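In: Here is my input, please return the structure:
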Amino acid sequence: MLKNIYCEKLIRKELIFKKGLNTILGPKNGANSIGKSSVLMLIDFVFGGDDFITLCKDVISKVGHLNIDFTFEFDGKSYNFTRKTETHSSVIFKSNEENIEWSIVDFRTFLAQKYGFSSNDPSLRNLISRFSRIWGKDNYNPNKPLLRFTGEGYASIKEFLIKSFDYYNLIEEIEKKKAENEVKRKNIDIAFKQGFVKKVNLKEYRQAKQDLSVIDNKIDIIKKDLDLFAANIKAILDEKSLTLAVEKDKYLKQKNSLASKLFRIEENISDTKPIPKRYFCKVVDFFPTVNIEKLNEVEGFHSSISKILSDELKKEKESLIYQLNEIDMGISLIDLKIKEIAASVDRPDEIIDEVLSLSIKKKEVEDTVNYRERQDDIKEASTAIKVELKEKTEEILSKISNLLNENLKLFNTKFYGPDRIPPQIILSDNNYLFEHHSDSGTGKSYANMLALDVSFLHTTKLPIAIEDSIVFKNVEVAAIEKIVNTLNTIDKQVFISLDQLNIYSENTRSILRQASFMRISRKYPAFKFSWNIESQRK
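Out: Numbers count the residues shown, from 1 in each chain. Alright, predicted model coming up:
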């Protein structure tokens, strides 16, 4: 809850608040332009509102920018803040003599958490702003009491209602499906607009389906022709290549035979080397009587023979190598001829060109057909989602209206007794009506709106309500007294402005005085002087 506000610019610098009813009281004569509405707007300002900046420009221009210190209390713990009109987009949090700057968004999040709001609830400001009925905000039309601002669309009001009464989880999945389907629809539209796909009507779609069937038939025929052509190519290659393959096989057998002979000759050449003479000296060690000269003569003869054989083997080796080279050249020539035979078969260029052309056309027609079908699917899904959402929303709104109407009846009885016709709120998927029935005088209409505000305090997480004197202006005195009695029993904070206390009963005056956080008059205006009075102008 809000505990206090401190501002040097106020005639009463510190305003102290309590649970339940809190009042700012004006003079007996009901004088205006003394700052009641501006003070209420200042209370809305410390709850994260911005209307003080735009709707109380005269205050700022006359007294200068305001520094507002204020304290909230939650679960017995105090939280101290400062918000300045000059830098209203931030709030200073005073923590253990340390000043921490928060954005206004962070501050509103803090308040929402402390007041028990969840992600499925409306935002704190969305809820409070509707029930801060202060002069200048234009949200006090008793026939349209749910408006946050003039011109607000019903879609946002409907969402606010569903979230306020904790029914949003029942339509959240449907809303997700709706959003996803909308993304798909936009993507389809982009494809059409950018010219990636041709947009067709139903007649053109049917023709495209026929065209696709014709193209598929043509491609199937060409595929069969290509299979036959491939078989003919294989036969041609087999016939022409067979002779060459046989010839190549002969060459390979000859090559293997010659390679074997070459290997044996190279082995023989290595075996014809003479025995070195130093080995004969070692023979003497074993056979002292051996004739070394005779051995040398014999070895000399053998060496002559070996040389002759070696020369012959080398000549044979050169001949074999030459023959192998000739065979390799023959094999290479055969391989070349086989490649030439394969390449000599003409490619079916005309058939390939036709297949390519048909494939491109098929892709184009397929895209046209597919996108049309996807577009139809999205439209059907959109219609189904819309029906589902409408049915679920109407079911939820029916529950909400029943609950509110029960409370409206209850508080109407408290304000006027059981004989007066209670107002009724009628909620549909497209609009809402706050029905005053035949009891639609100005005063009763405003009292009905007050009954609605109290109903919201009792049935939702709405933490506060602010009711300016304009709301009470035309309500009959007896009803105001009962309204004040009712507001005085509420645990949540309600801030109201009233004047002309002398017209009320002593009991009502006592309640109003005990709940008062500020009294102002023409002589003692809220911001110390009245700039609309010549004698007080600076």
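
In: A helix includes E101, no?
Out: No - counting by DSSP: H, G, I helix; E, B strand; the rest coil, E101 falls outside a helix, being strand.

In: mind listing what it touches?
Out: The neighbours of E101, taking Cβ atoms under 8 Å, 6 or more residues apart in numbering as the test, are 90-93. For glycine as for every other residue, the C-beta is placed from the backbone atoms N, C-alpha and C.

In: tell me what the helix or strand in which D44 is found is packed against?
Out: Element membership for D44 (DSSP states H and E) is helix 36-46. Where contact means 3 or more Cβ pairs under 8 Å, 6 or more residues apart in numbering; DSSP states H and E, helix 36-46 is packed against strand 2-6, strand 21-25, helix 51-55, strand 67-74, strand 77-84, strand 464-467, strand 493-498.

In: ok, and the closest non-adjacent residue to E86?
Out: H65 (4.1 Å; Cβ to Cβ, 6 or more residues apart in numbering).

In: where does that neighbour sit relative to R83, distance-wise?
Out: 11 Å (Cβ to Cβ, to the nearest Å).

In: Which one's more surrounded, those two?
Out: R83 (23 against 13; other Cβ atoms under 10 Å).

In: contacting residues for that one?
Out: Counted by Cβ under 8 Å, 6+ apart, R83 has contacts 45-46, 68, 70, 90-92, 107.

In: Whichever of those residues end up buried, select them in PyMOL.
Out: Command for PyMOL that selects the buried part of the contacts of R83, burial taken from 16 or more other Cβ atoms under 10 Å:
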select buried, resi 45+46+68+70+91+92+107
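
In: Distance to L170 added to the contacts of R83, as TSV?
Out: Converted to TSV, the contacts of R83 look like this (distance: Cβ to Cβ, whole Å):
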residue	distance to L170
F45	35
V46	35
I68	40
F70	37
S90	37
V91	35
I92	40
F107	31
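
In: My guess is R372 contacts K203. True?
Out: No - with contacts counted by Cβ atoms under 8 Å, R372 stays clear of K203, the gap being 11.3 Å.

In: Doesn't G136 lie inside a strand?
Out: No - counting by three-state DSSP, G136 is not part of a strand but coil.

In: Next, the contact list for the residue lying closest to it once chain neighbours are set aside, please.
Out: Spatial nearest neighbour of G136, chain neighbours left out: L55 (4.2 Å); criterion: Cβ to Cβ, 6+ apart. Neighbouring residues of L55 by Cβ under 8 Å, 6+ apart: 41, 136-137.

In: For N181, give me phi and psi.
Out: When read as degrees, to the nearest 10, the backbone of N181 gives phi -70, psi -30.

In: Just the pLDDT for it.
Out: Residue-level confidence at N181 comes out at 87, pLDDT.

In: Any stretches of the stretch 101-250 of the chain with poor pLDDT?
Out: The model of the stretch 101-250 of the chain has pLDDT under 70 over residues 196, 225-242.

In: got it, and the chain?
Out: By pLDDT under 70, the low-scoring segments of the chain are 30-33, 196, 225-242, 270-309, 342-356, 361, 532-538.

In: Repeat the analysis, applying 90 as the threshold.
Out: Applying pLDDT under 90 to the chain picks out residues 27-34, 95-97, 172, 175, 178, 181-324, 326-382, 437-441, 522-523, 528-538.

In: Which segments of it make up each domain?
Out: Using automatic domain parsing, the domain parsing of the chain gives 2-185+379-536, 209-346.

In: just so I know, which of those lies nearest L358?
Out: Evaluated with Cβ to Cβ, those place domain 209-346 nearest to L358, the distance being 5.4 Å.

In: What distance do you get for the residue lying closest to T82 once chain neighbours are set aside to N507?
Out: For T82, ignoring the flanking residues on the chain, the nearest one in space by Cβ to Cβ, 6+ apart is I92 at 4.2 Å. In this structure, I92 and N507 are 42 Å apart, going by Cβ to Cβ.

In: And E380, by the same measure?
Out: Distance, E380 to N507, using Cβ to Cβ: 65 Å.

In: cool, and I104?
Out: In this view, I104 and N507 are 41 Å apart by Cβ to Cβ.

In: which stretches of the stretch 101-250 of the chain form helices?
Out: Under the criterion DSSP state H, counting those that start in this stretch, helices of the stretch 101-250 of the chain are mapped to 104-114, 124-130, 154-164, 168-193, 202-271.

In: what does the stretch 301-450 of the chain give?
Out: Counting by DSSP H, counting those that start in this stretch, the helices of the stretch 301-450 of the chain are 349-416, 442-459.

In: Check which helices and strands the last one sits against.
Out: With contacts defined as 3+ Cβ pairs under 8 Å, 6+ apart, helix 442-459 has these neighbours: helix 349-416, strand 432-435, strand 464-467, helix 469-472, helix 477-487.

In: before we move on, what about the first one?
Out: Counting contacts by 3+ Cβ pairs under 8 Å, 6+ apart, the secondary-structure elements packed against helix 349-416 are helix 154-164, helix 168-193, helix 202-271, strand 424-427, helix 442-459, helix 477-487.

In: picking up where we left off before, what about the helices and strands packed on helix 442-459, which gets the closest to S445?
Out: Nearest of these (Cβ to Cβ): strand 432-435, 8.7 Å.

In: which other residues reach that closest one?
Out: By Cβ under 8 Å, 6+ apart, strand 432-435 touches 142-146, 154, 157, 423-426, 448-449, 452.

In: Over to stretch 358-371?
Out: Stretch 358-371 is contacted by residues 188, 191-192, 196-200, 205, 208-209, 211-212, 215-216, 218-219, 222 when judged by Cβ under 8 Å, 6+ apart.

In: List the buried residues for that stretch?
Out: 358, 361-362, 364-365, 368-369, 371.

In: Could you tell me how far G48 is located from A245?
Out: 93 Å.

In: got it, and K77?
Out: To A245, K77 is 98 Å away according to Cβ to Cβ.

In: higher neighbour count, the two?
Out: A245 (12 against 8).

In: So E247 is in contact with D335, correct?
Out: No - taking Cβ under 8 Å as the definition, E247 is not a contact partner of D335, at 11.2 Å.

In: Between the two, which has more neighbouring residues?
Out: E247 (15 against 12).

In: show me what contacts the more buried one?
Out: Going by Cβ under 8 Å, 6+ apart, E247 touches I334.

In: Distance of it relative to E340?
Out: In this view, E247 and E340 are 15 Å apart by Cβ to Cβ.

In: How about S505?
Out: 121 Å.

In: which element is I92 on?
Out: Remark: I92 resides in strand 90-95, with elements defined by DSSP H and E.

In: Just want the angle from that strand to strand 67-74.
Out: 60 degrees (axes from the mean of the first three to the mean of the last three Cα atoms, to 10 degrees).

In: Could you count how many residues lie near the closest residue to E182 other than its chain neighbours?
Out: Leaving aside its sequence neighbours, E182 sits nearest to S382 (Cβ to Cβ, 6+ apart; 7.8 Å). S382 sits with 16 neighbouring residues when counted by other Cβ under 10 Å.

In: if I read this right, S382 contacts K186, doesn't it?
Out: No - between S382 and K186 no contact is recorded; they are 11.9 Å apart, counting by Cβ under 8 Å.

In: Turn the helices and strands packed on helix 349-416 into CSV, columns for distance to N126.
Out: Compiled in CSV, the helices and strands packed on helix 349-416 are given as follows (distance: least, Cβ to Cβ, whole Å):
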stretch, distance to N126
helix 154-164, 6
helix 168-193, 13
helix 202-271, 44
strand 424-427, 17
helix 442-459, 12
helix 477-487, 23
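
In: For S497, which of those is the nearest?
Out: Smallest distance to S497 across those (Cβ to Cβ): 12.3 Å, for helix 477-487.
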